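> Got a sequence here, can you model it:
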Amino acid sequence: MSGTSTAAKVFRVIGKITGRFFALLGVILLAAVIMLVGVSYIFCKGPSPLASDLFVVTMMETSALKFVPAMFFSDAEIKAIQARNSTVETLEVTDESLIVIPTAEEIASDSEREPLEIIDIAASTYKGKLMIVRDPSRVVMAVPPVLGANGEGVQISKMVESEGGVAGINAGGFIDVGGVGNGGEPLGIVIKDGKLLYDGGSSIVIGFDKDDKLIVGWMSAQQAMEKNIRDGCSFGPVFIVNGKRADVAGTGGGLNPRTCIGQTADGSVLLLTIDGRQATSIGATYEDCINILEEYGAVNAANLDGGSSTVMYYNGEVINVSASVYGPRKLPTAFVVLPEKTAEGGAAQ
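The predicted structure is shown next:
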């Protein structure tokens with residue numbers, strides 16, 4: 001009987017400790033929710049319209065936090081805020097004649113420029129990485145084995161490995177309800193090696209044609225194929241087209257992690273990632289990204305999927321700071337950089 005009594009006391013003590021733990025956890029979570037609502041209210045309904053707009057646009061660019069602005073604004077009000085704080089859409093598409101790419105021999109023999117260069121980018125609200133790839137033919141599309149509702153994305157490290165690449169960034173968008181999508185179902189279109197792998201309807205297409213020129217603009221899958229896109233995906237908005245930067249309204253977007261791609265007049269490819277949602281790097285607006293890409297000579301450029309999907313991979317490791325709390329996400333597409341080509345046209349070891 002004494003043994004039974006002792007066991008009962010132990011279970012009662014454990015039960016009390018467990019109950020207190022969960023009660024404390026509940027109080028902490030409740031306090032966090034109250035704080036979140038309070039802070040959100042201050043941003044949304046505070047005295048600064050600019051801060052309110054920036055907060056709303058930032059939240060609406062996420063997959064998991066769109067509900068926050070909805071607590072304080074109607075759908076119509078949110079759409080109006082987004083409309084006055086973004087880039088202005090353009091129907092213009094890349095004019096390939098504005099890009100003049102040196103021959104493979106000229107690129108390989110150019111000793112004055114690095115074949116691949118990585119530059120640290122920093123400003124008051126963000127830090128990031130800019131990768132410059134001299135030879136655009138090295139940038140190709142990588143995809144998982146299956147795309148669509150029954151597919152599943154692949155982490156960028158595996159996509160770089162599958163292409164035999166040395167680097168890569170995330171590319172197109174995908175269905176990501178609540179921020180927990182598996183990366184299998186892309187948004188828009190996906191083209192690899194000149195073949196249309198997925199057609200989700202007309203969209204902003206971002207891809208390289210058979211002449212290694214970056215094409216950006218709104219088009220259907222058929223139009224993309226007629227433009228001879230060899231490797232492409234969909235997202236947006238378009239940042240720069242034919243040397244003209246997009247008009248920016250209001251805040252120019254929210255402060256978030258970003259992934260972007262651009263090309264200079266001599267064909268060099270600009271791959272940009274901006275860290276965000278961190279104490280040392282809140283994130284960048286669309287206008288911030290346009291400014292960076294323009295500074296480094298982009299004549300065509302566009303926004304790729306960002307947020308927790310933003311990742312830059314190089315020489316076997318992720319070199320940016322991902323906002324994903326679950327580690328590198330599974331993705332439907334990635335722009336992969338192949339090994340450097342030698343002057344004879346082969347791959348450097």
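> use CA for all of it now, contacts and neighbours both
Will do.
> Need the residues that contact stretch 292-299.
I240, V241, N242, G243, K244, R245, G262, Q263, T264, A265, L270, A301 (CA atoms under 8 Å, 6 or more residues apart in numbering).
> Let's have those residues in JSON lines, adding neighbour count and pLDDT.
Shown next, in JSON lines, are these (neighbours: other CA atoms under 10 Å; pLDDT from 0 to 100):
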{"residue": "I240", "neighbour count": "26", "pLDDT": "98"}
{"residue": "V241", "neighbour count": "23", "pLDDT": "98"}
{"residue": "N242", "neighbour count": "20", "pLDDT": "97"}
{"residue": "G243", "neighbour count": "18", "pLDDT": "97"}
{"residue": "K244", "neighbour count": "13", "pLDDT": "97"}
{"residue": "R245", "neighbour count": "20", "pLDDT": "96"}
{"residue": "G262", "neighbour count": "30", "pLDDT": "98"}
{"residue": "Q263", "neighbour count": "29", "pLDDT": "98"}
{"residue": "T264", "neighbour count": "25", "pLDDT": "98"}
{"residue": "A265", "neighbour count": "19", "pLDDT": "97"}
{"residue": "L270", "neighbour count": "24", "pLDDT": "98"}
{"residue": "A301", "neighbour count": "35", "pLDDT": "98"}
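> how about stretch 98-114: buried residues?
L98, I99, I101, A104, I107, A108 (16 or more other CA atoms under 10 Å).
> Take the contacts of stretch 292-299 and keep only those in helices.
With DSSP state H as the criterion, helices contain none of the contacts of stretch 292-299.
> In strands, which of these fall?
Members of the contacts of stretch 292-299 lying in strands (criterion: DSSP state E): I240, V241, K244, R245, G262, Q263, T264, L270, A301.
> how far away is the first one from R230?
In this case it means I240. Counting by CA to CA, to the nearest Å, the gap from I240 to R230 is 21 Å.
> what does the fourth one give?
Shown here: R245 relative to R230, a distance of 25 Å by CA to CA.
> Equivalent analysis for the second one, please.
V241 sits 19 Å away from R230, taking CA to CA as the criterion.
> Now do the strands in the stretch 1-150 of the chain.
All strands of the stretch 1-150 of the chain, identified by DSSP state E, counting those that start in this stretch, fall at 116-122, 127-133, 139-142.
> For the ones you listed, could you give me JSON lines that also reports mean neighbour count?
Output for these, formatted as JSON lines (neighbours: other CA atoms under 10 Å):
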{"stretch": "strand 116-122", "mean neighbour count": "13"}
{"stretch": "strand 127-133", "mean neighbour count": "22"}
{"stretch": "strand 139-142", "mean neighbour count": "26"}
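> What sits closest to the residue nearest the centre of the chain if chain neighbours are left out?
What sits nearest the mean C-alpha location of the chain, by CA atoms, centre = their mean, is G306, with 2.3 Å. Spatial nearest neighbour of G306, chain neighbours left out: R258 (4.4 Å); criterion: CA to CA, 6 or more residues apart in numbering.
> where's that neighbour relative to A104, distance?
31 Å.
> can you check R134 too?
According to CA to CA, R134 stands 10 Å off from A104.
> what's the answer for L338, then?
Distance, L338 to A104, using CA to CA: 14 Å.
> Same question for T310.
For T310, the distance to A104 - CA to CA - is 30 Å.
> got a pLDDT number for G3?
Listed pLDDT for G3 reads 54.
> Equivalent analysis for L98, please.
89.
> Tell me how many other residues surround I81.
If you count neighbours by other CA atoms under 10 Å, I81 ends up with 18.
> was I right about it contacting V56?
Yes. Using CA atoms under 8 Å, I81 is in contact with V56, at 7.5 Å.
> Restricted to helices, list the buried residues of stretch 98-114.
Using DSSP H, the buried residues of stretch 98-114 in helices are A104, I107, A108.
> from what I can see the residue nearest to the centre of the chain touches I261, true?
No. Under the criterion of CA under 8 Å, G306 makes no contact with I261, lying 11.6 Å away.
> would G178 count as being in a helix?
Yes. Counting by DSSP: H, G, I helix; E, B strand; the rest coil, G178 falls inside a helix.
> and it, what does it touch?
So G178 contacts S63, A64, L65 (CA under 8 Å, 6+ apart).
> Wait, the last one touches V57, no?
Spelled out, that is L65. No. The pair L65 / V57 is not scored as a contact, 10.9 Å apart, by CA under 8 Å.
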